[in-house]
Structure formats: C-alpha cells, structure tokens
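1. Structure, please.
(chains A and B)
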Amino acid sequence: MRMSELFSRTLREAPNGADCKGYEYLLRAGFIKQLAAGVFDLLPMGLRSIRKVEAIVRDEMEKIGAQEVLMPLVNPGDIWKETGRFYSIDREMSRFKDRNDRDMVLAMTHEEAATDMARAEVDSYKRLPQLFFQIQTKWRDDPRPRAGLIRVREFTMKDSYSFDKDQEGLEKVYKAHYDAYFRIFHRCGLPVVAVGSDSGMMGGKVAHEYMYLAPIGEDTIITCDKCGYTANRQVARFTKKCHQEEMKKIEKVSTPDAKTIDDLCSYLKIKPEMTAKSLFMIGAFINDRNGKEEDKLIIGVIRGDMDIEENKLQNACKANSLRPAREEEIVANGVIPGFGSPIGASKNVVVVVDDSVSGSSNLVAGANESGFHYLNTNFGRDYDGIVADIASAATGYACPECGAPLTCSKGVEVGNIFQLGVRYSEAMGCYFQDEQGVRKPVIMGSYGIGIGRLLACLAEEYNDDNGLALPVSVAPYQVQLVSLVKDEAIAEKMYSDLQNAGIEVLFDDRKESPGVKFSDADLIGLPVRLTLGNRSLKEGKVEMKLRSNLNETNMLDISDLVSEVKDCISKLQKPLS
RNA sequence: CGGGUAGUAGCGCAGGGGCUAGCGCACUUGGUUCGGGACCAAGGGGUCGGUGGUUCAAAUCCACUCUGCCCGACCA
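-> Model (predicted):
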C-alpha cells in the first residue's frame, strides 16, 4: 500500500478523550475512529490488524475441530423468552418491534441462537459432540463505554458453542478451548493469565476468564504468588480465621453515635473482627408463582474486618440484580441504618451471612434501635439466614490453597470460557436420545474472545513514547518502506520486489520531509522499517531497523533485500508461533 | 441513572452582548528546503451542537434539548 493513497491519515494531536496510550495511538495512527459512544469505525489499517487477529483465532478454532457458522445479530425475542433472558436482562439488551409488532432483540451473545440451531440438528448421541464458532458483531448497550476499544457497545466477538452428550465430553472440549485460547493469545503476542471466574448472566458452574493484566483493567484479579492460585475478585476465595467460644448471653448496650465499625470499636474498645456489620441491598427476585419480578431487602452480614463482595452476595441469594438500598427501604423493614442487623428485622428480608460470621461467636451487632448495639450475638441462636462465602478478597488475605498472602492486580478480560451445562438445552428443548434410548438434554459450553478488545490490549501492551509497536503477527503490514530519495525508480523497484515476494509493505511515497515520515513510521510502528536515503544508497545499501529497537541499524545490500527482509520477518514471527 | 465538564473549520484550542469570529496543525497554489514533525508567499474552508426566548443587536445572556468526555452506579 502506498501511503500517498492511504485513506486514513495520522493525527499529530490526540483527539479529546483519548485517556490511555493504546487508544490514543490507535486513533492517531489512523486505525480507528469513533462514531458514537462505544461505537467505532475500523479504518483500513485497523481492519487489517483485526483481520490478522481473526485469522489466528479462526486457525486455532479449526484446529480443535470447531466449524465456522454465522448467526444473525438480530434475533426473534421468542428464543430469548424461552430461556427467560428476555426478561432477566435489563436495558443492556436493546429491543425493537418489527413491522408486525413482533419482539426482536439485538443479540448480545448467541446461546439462544446456537441452541436453536442445535435442537434442529441434534437428536441422537450419534450426532454428538458438536462444536461450532462464529466471528460476529454483538451489541450491548453498556451504560458507560470507555477507554477506546476496551469497553464498547458494538463489538466483534469470536464465540463458540459446544454440545456434548455427557460431562466428560464437555470437560474435554472445555480443556481444548482452555489450551487453544492460550495459543491464540500467544500468537497475537498478548500476555494473559487464566483465572477462575463468575458465570454471571451466562449461568453454569465452571468458568475461566483470560485476563490481560494492566492498570487500565477494570477487573480485580486475586493472585497467590506462591502456589499460583488466581481468581477474579468476584469469586476469589480466601482462608478466614474464626474465633469460637462458648455462647454468652445477648446483651443490649448503649453506643451513642457509633454508626460505623470504627466508631463502635473505639467506643467499646474491641477489634473489628469481634463485630458483625450489615450491608443493605435491594435485590430483584423472580416470584416462582407468578413469574413476576419483585424487590426485596437483602441484609448481607459480614465480620467487621472484611468487606462484602456484591457479586458473591447476589449469587448466594439468587437475586436477578442488586442495587444499594435507600434509607426509607431499609427503615420500612424494621432496620435502623447505622445500628442495623438482621435481629428484629422484618420477615420479608433475605438474610445472607458470611461464613466468617456464622463461624464466630459472640459478635457485636446493631440492635435496630438508634444508639444501641447488642453484645454477644450468635448466628443460629439470635437470627437465621443463608450461610455463604460473601467476603471480598483483598491484599494480604490468606490463599485458600496454601495460606500465603494474596495480592491484587487489575486486568482486562479478553476471553472467557463457560461450562454451561443444561441451562439452555433444557429451557429450549435441545434433547437427544442416548445409547439406551433415554431422552437427555445436551450439555453445553460457550467460549468467547473479544476481537477488538484484544487489539486494544495489544496496542496498550506494545507502545512507547513515539507510537505503536505491534507484533508482526498482528501489525497491519510487515514492513514500512520509507523513501527519502528523489530518484523514485529505485524505491519503486524495491516496493514491487518486496510485494512480489509476498511481503506486506506500506510504502511511504509521499512528498513529505524526512521528519514527518520518520514520525509517522514510529507512530504506525510496523515491525520492520526500511529506510532508503542518499546516505546509504551511495554504497548500494538500504537501512533496516526493527520498530522494537530503533537504535540498532542493519545495512543491507539492495541485491539481498528481499531475502534479508524475509529472514528478518520470520525471525520476528518465530516466538509468536 | 446520579455528580462533574465540554460542544466554535478535518484535529487541538482561544474569544464571552456590538460592526468582517480568531490562532496552531492539516488542506490548495507557487517557490526554497530535503536523515527526525522545515521555510516564505498567496489562498480555500464556519447554520459558533439544536430549538425557543431576552435585546436595537446573541457564538456571547436565559430556558429547554441533543451529543461527547470524566467520576460513580453498571458491565459475559
């Protein structure tokens, strides 16, 4: 490609709102352009990179036996009603009516469509297992898109769906994805870690996320450096020490103005782990009788030295969604904020108690009376509720596997894999007959990779003060040919020789000053740079540099150019294969 | 959905009741320059986000609204 003919131009200044470097350079180098909040144009350079990522993904998916399909972005609302997600997913899913007043949705994922395809094809164990994938647009009306391509509303995703006759088959295809994903990220050059994760709206039990660890990440990853335990904070476990002793008699004490755990502890001269604190949320629950959604107050009870992980709380009480409770909603259930606890609260509330509280004795808790707390409260004797792990892991807490201190880091989720089980197949009637003629639901898995987000992470990982430096496997072109000489014929010949040898070249043939050309070459950051200038040309040579190390120059004989460049590209490619 | 902030040329910004709306980059033409974002000269490009109002007069003041960005809520 000739830069004189290239559609996009480089920008000298970053457009407003480019808050991280990777995003800024993608904009400035002319890879992408924002059209609306969380909606982006892919310009020619950006699309070339995306196509390379897709090719790697496609190759690895085909290697594990996945067949490519394409399911529509627009789905009939009916299949989403079959699984209930038409109702359980809030405004993040966009809906519209067609001309005949039928409910339609813009698919934010394709479990329903995939299950629909499978139920038509799969009737016998002989037709299983099946695995297919697609690379397709998703629409999720995120309330707050940000950070360029990291968090967008419209995006391309590779998603695959597996169908098995038993758990063993699911685990096999799950493992195949687990490994294939590492190969995909490796070939793209993105360092990732796989962490145990929550299955969220997807349902199912076992799930992993692939995290690119970086400060721009919005997920918190809990890691044990000693034994390698890693998990998303949403599900991360840790070992809790509980203090048990004989139950003492409950006793009400005056604690004026002690509305926080800190106040309470200094007033009573006790440690936070001797208290139980309560968090009040409103959860939306589906009523089993009439299928309608109704709000209930949830009291999450945790020991004073820890915090509640809302995701764990939501899972423990099986609420559809959670939000913080307003003061009047708390009071309406007989609870006094600041002095609140489940003791004496209305029977309508859902009480979820962390196992640190149920396992500890004689904790101080609110008396639901302004200015009073109870001493020596005990779960089971003084109040009841669901017992679960609802505590949020934090730096320094003990690893659940080995006891070493845990650390926190930030990460971006670039891929995920879920063992779905029978959630969708049962709901949508995707059944098969086994060897004994018994009708069973197909066991499913689903597996995603955010293609654009992957590129955004690569841009974040591979840049310096002057621009991008994408790995050769995903860079839009392999070589940037910078011509500084007046004699066009020689540069033209180099350009066509390289192209004829199958090398992808971006040829800067513009009538620009050397400074402009070098700066743009840095910004776009193609892995190999060839500079043709009078200095070297006199000796029949051309300069070759790597974007990753601009300080080192190789002088090549023009006669050896093609073979040298090919050699260099394959050297760069080697660690990525 | 709350809180903040902004919308003036392709991009980055200035102007803040008054006569022809400005600057840098980018763009066009001519010339000089030519290994790290060159220089000179001459040009082109604007419904000042939109609607309504106040006023002799609105980019400027007021109201409403749309859109972007940041923080939070939210997020497979």
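
2. So, low pLDDT: which residues of chain A?
-> Within chain A, the ranges that satisfy pLDDT under 70 run A:198-205, A:287-293.

3. Regarding it, what is its longest strand?
-> For chain A, the strand reaching the highest residue count under DSSP state E is reported as strand A:406-421.

4. A:K249: neighbouring residues, count only.
-> 7 (other Cβ atoms under 10 Å). For glycine as for every other residue, the C-beta is placed from the backbone atoms N, C-alpha and C.

5. right, is the longest strand of chain A up against RNA strand B?
-> Yes - using Cβ under 7 Å from any atom of the strand, strand A:406-421 comes into contact with RNA strand B via A:413, A:416, A:418.

6. three-state assignment of A:L481?
-> Secondary structure for A:L481, judged by DSSP: H, G, I helix; E, B strand; the rest coil, is strand.

7. Might one say that it is in contact with A:F507?
-> Yes - using Cβ atoms under 8 Å, A:L481 is in contact with A:F507, at 4.6 Å.

8. Test my guess that A:V353 contacts A:D382.
-> No - applying Cβ under 8 Å, one finds A:V353 not in contact with A:D382, separated by 11.2 Å.

9. These two - which one has more neighbours?
-> Each of A:V353 and A:D382 has its neighbours counted (other Cβ under 10 Å); A:V353 has more, 26 against 17.

10. can you pull up the bridge partners for that one?
-> Applying DSSP bridges to A:V353 yields these beta-bridge partners: A:V301, A:V387.

11. Spit out the contact partners of it.
-> Taking Cβ atoms under 8 Å, 6 or more residues apart in numbering, we find A:V353 in contact with A:301, A:342, A:379, A:385-388.

12. And the furthest pair within those residues?
-> A:P342 and A:A388 (14.2 Å; Cβ to Cβ).

13. Have a look at those two and say which one is more surrounded.
-> Set side by side, A:P342 and A:A388 show more neighbours around A:P342, with 26 against 17, by other Cβ under 10 Å.

14. Just to be sure, that one is in a helix?
-> No - using three-state DSSP, the assignment for A:P342 is coil, not a helix.

15. Now the host helix or strand of A:V364: buried residues?
-> Take DSSP states H and E as the rule and A:V364 turns out to sit in strand A:363-369. Neighbour counts over strand A:363-369 (16 or more other Cβ atoms under 10 Å) mark A:363-368 as buried.

16. next helix or strand past that strand?
-> Moving toward the C-terminus from strand A:363-369, the first helix or strand encountered (DSSP H and E) is strand A:372-377.

17. quick one: strands adjacent to that following strand?
-> Strand A:372-377 sits in its sheet next to strand A:251-254 (antiparallel), strand A:363-369 (antiparallel), going by DSSP bridges.

18. Just tell me which of the ones you listed ends up closest to A:V122.
-> Judged by Cβ to Cβ, the one of the strands paired with strand A:372-377 that comes nearest to A:V122 is strand A:363-369, at 53.1 Å.

19. Contacts for that closest one next, please.
-> A:252, A:264, A:268, A:270, A:274-278, A:301, A:303, A:334-336, A:338-341, A:343-345, A:357, A:372-378.

20. Filter these down to the buried ones.
-> With burial judged by 16+ other Cβ under 10 Å, the buried subset of those is A:264, A:268, A:274-278, A:301, A:303, A:334-336, A:338-341, A:343-345, A:357, A:372-378.

21. residues touching the residue in chain A positioned nearest to RNA strand B, list them.
-> For chain A and RNA strand B, the shortest gap (Cβ to the nearest atom of the strand) falls at A:G533, measuring 1.9 Å. By Cβ under 8 Å, 6+ apart, the contact list for A:G533 reads A:484-485, A:514, A:543.

22. and which of these is nearest to A:C402?
-> A:E543 (52.8 Å).

23. what about the closest one, neighbour count?
-> Counted with other Cβ under 10 Å, A:E543 comes out at 17.

24. Mind putting the buried residues of strand A:363-369 into a markdown table with distance to RNA strand B?
-> Output for the buried residues of strand A:363-369, formatted as a markdown table (distance: Cβ to the nearest atom of the strand, whole Å):
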| residue | distance to RNA strand B |
| --- | --- |
| A:L363 | 26 |
| A:V364 | 27 |
| A:A365 | 24 |
| A:G366 | 23 |
| A:A367 | 28 |
| A:N368 | 25 |
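
25. and the stretch 401-550 of chain A, which residues reach RNA strand B?
-> Near RNA strand B, when you scan the stretch 401-550 of chain A using Cβ under 7 Å from any atom of the strand, you find A:413, A:416, A:418, A:448, A:450, A:466, A:484, A:486, A:513-516, A:518-523, A:531-537, A:543, A:550.

26. What subset of those residues is buried?
-> A:413, A:416, A:418, A:448, A:450, A:484, A:518-523, A:531-532, A:536-537, A:543.

27. Leaving out the residues flanking it, which one is nearest to the residue nearest the centre of chain A?
-> For chain A, A:E413 is the residue whose C-alpha lies nearest the centre (Cα atoms, centre = their mean; 2.4 Å). Excluding its sequence neighbours, the residue lying closest to A:E413 (Cβ to Cβ, 6 or more residues apart in numbering) is A:E209, at 4.9 Å.

28. Likewise for A:I330?
-> Nearest to A:I330 is A:F280, by Cβ to Cβ, 6+ apart, at 4.9 Å.

29. A:C265 against A:K271, yeah?
-> Yes - proximity of A:C265 to A:K271 meets the contact threshold set by Cβ under 8 Å, at 6.5 Å.

30. The two - which one has more neighbours?
-> Comparing A:C265 with A:K271 by other Cβ under 10 Å, the one with more neighbours is A:C265, at 19 against 11.

31. Quick one: classify that one as helix, strand or coil.
-> helix.

32. Contacts only, for it.
-> Contacts of A:C265 by Cβ under 8 Å, 6+ apart are A:271-272, A:274-275, A:304.

33. Same check on A:F339?
-> A:255, A:259, A:366-373.

34. swap the cut-off to 6 Å and go again
-> Residues near A:F339 by Cβ atoms under 6 Å, 6 or more residues apart in numbering: A:366-367, A:370.

35. State the distance from the nearest residue to it once chain neighbours are set aside to A:D382.
-> Excluding the flanking residues, the one nearest A:F339 by Cβ to Cβ, 6+ apart is A:G366, at 4.2 Å. Separation of A:G366 from A:D382 (Cβ to Cβ, to the nearest Å): 12 Å.

36. what does stretch A:77-85 contact?
-> With Cβ under 6 Å, 6+ apart, stretch A:77-85 has contacts from A:86, A:103-105, A:112, A:116, A:424, A:427-428.

37. Then stretch A:8-24?
-> Here stretch A:8-24 has contacts from A:27-30, A:43, A:147-148, A:216, A:456, A:459-460, A:463, A:520, A:523, using Cβ under 6 Å, 6+ apart.

38. Keep only those of the residues you listed that are in helices.
-> Counted as lying in helices by DSSP state H, out of the contacts of stretch A:8-24, are A:27-28, A:456, A:459-460, A:520, A:523.

39. Tell me if I am right that A:E294 is in a strand.
-> Yes - the assignment for A:E294 by three-state DSSP puts it in a strand.
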